[in-house]
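Participant: only geometry, no sequence info:
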């Protein structure tokens, strides 16, 4: 079947490389920066050792030195100006338009004006241009972590994020659906409700629901009576099944709290799919092994690896958030 005029491949599509952001700002990781760097380096090493190219983005000479000490020689380092490491949101969404690859960019306002940092407005276009891609800029605000697609024109997102007045207050639900179709080729939208509690992105879908095959959506299953997101998971399942999708459940990490008692938005759904492996963030809970095993069952053609990400989470995200793939066309 011929591809549509605008097509965004699913994450399991073959990749040429993956960009990963390296933590550098102690304000974003107070007391956790060193461990967050170690965990991002472990993510980068796992992908590089699988045989896929990794381009680790570092801020300056000092962070180049630190990353070099933590990473294998197979990881390629690039110095660039950026603020947060969350390249899923600030990096380019690489699509095909009329059969040609394109770096599609969107407006970025620091997740609704919460985190405005030097370089985050420019890094997406810079990465796309470094890959030799033409760049197109859309006339609305969107972060890559706010959507997940299955390659058939189906996209999942959350009302909490895309309909949030801190992003595109002038656009209705119908307007947003029209732009998703125009700019990314999505002709069917699964509107989930809220994302995880205390997710500073206003409920990005990549922490809640991920397509793992055409028409198959992975969702967390609450573990324990104190799982803070139990109703959010149940509501997502109801909506996905009503849309005709097959749901594959993955046990959640359960209740994960910071040292101060704040509920953290920990999720195994923030896994990164690469050409050879899938890297699943783990959090040191008793559910980690079950979560990794459940995701392994969903990707029988890839090795699934669990890598500790509790310090990365302290900065507000995990491995999927910190990376962006370059599809092979």
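Facilitator: Yep, it's here. In this text, all values refer to a predicted model and were calculated from it rather than measured experimentally.

Participant: Output the longest helix belonging to this structure.
Facilitator: Across the chain, the longest stretch assigned as helix under DSSP state H is helix 33-49.

Participant: mind listing what's buried in it?
Facilitator: Within helix 33-49, the residues scored as buried using 16 or more other CB atoms under 10 Å are 33, 35-48. In short, each C-beta sits where N, CA and C put it, glycine included.

Participant: same question, stretch 103-116
Facilitator: 103-106, 108-112, 115.

Participant: Okay, and which of these map to helices?
Facilitator: Among the buried residues of stretch 103-116, the members falling in helices (DSSP H) are 110-112.

Participant: List just the nearest of those residues to residue 269.
Facilitator: Of all these, residue 269 sits closest to residue 111, with 18.2 Å by CB to CB.

Participant: OK, contacts around the closest one?
Facilitator: By CB atoms under 8 Å, 6 or more residues apart in numbering, the contact set of residue 111 is 89, 143, 200-202.

Participant: If any of those residues are buried, give me the ChimeraX selection for them.
Facilitator: Burial among the contacts of residue 111 is assessed by 16+ other CB under 10 Å; the matching ChimeraX selection reads:
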select :89,143,201,202
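
Participant: Just give me the closest of the contacts of residue 111 to residue 248.
Facilitator: For the contacts of residue 111, the nearest to residue 248 is residue 201 (23.4 Å; CB to CB).

Participant: Now that closest one. Nearest residue, chain neighbours left out?
Facilitator: Excluding the flanking residues, the one nearest residue 201 by CB to CB, 6 or more residues apart in numbering is residue 111, at 5.2 Å.

Participant: same deal with residue 173?
Facilitator: residue 163 (6.4 Å).

Participant: show me what contacts residue 74?
Facilitator: If you count contacts by CB under 8 Å, 6+ apart, residue 74 has them with 45, 48-49, 54.

Participant: from those residues, which single one is nearest residue 228?
Facilitator: Nearest member of the contacts of residue 74 to residue 228, counting by CB to CB, is residue 45, at 32.1 Å.

Participant: Relative to residue 322, how far out is the closest one?
Facilitator: Using CB to CB, to the nearest Å, residue 45 is found at 14 Å from residue 322.

Participant: And for residue 165?
Facilitator: To residue 322, residue 165 is 27 Å away according to CB to CB.
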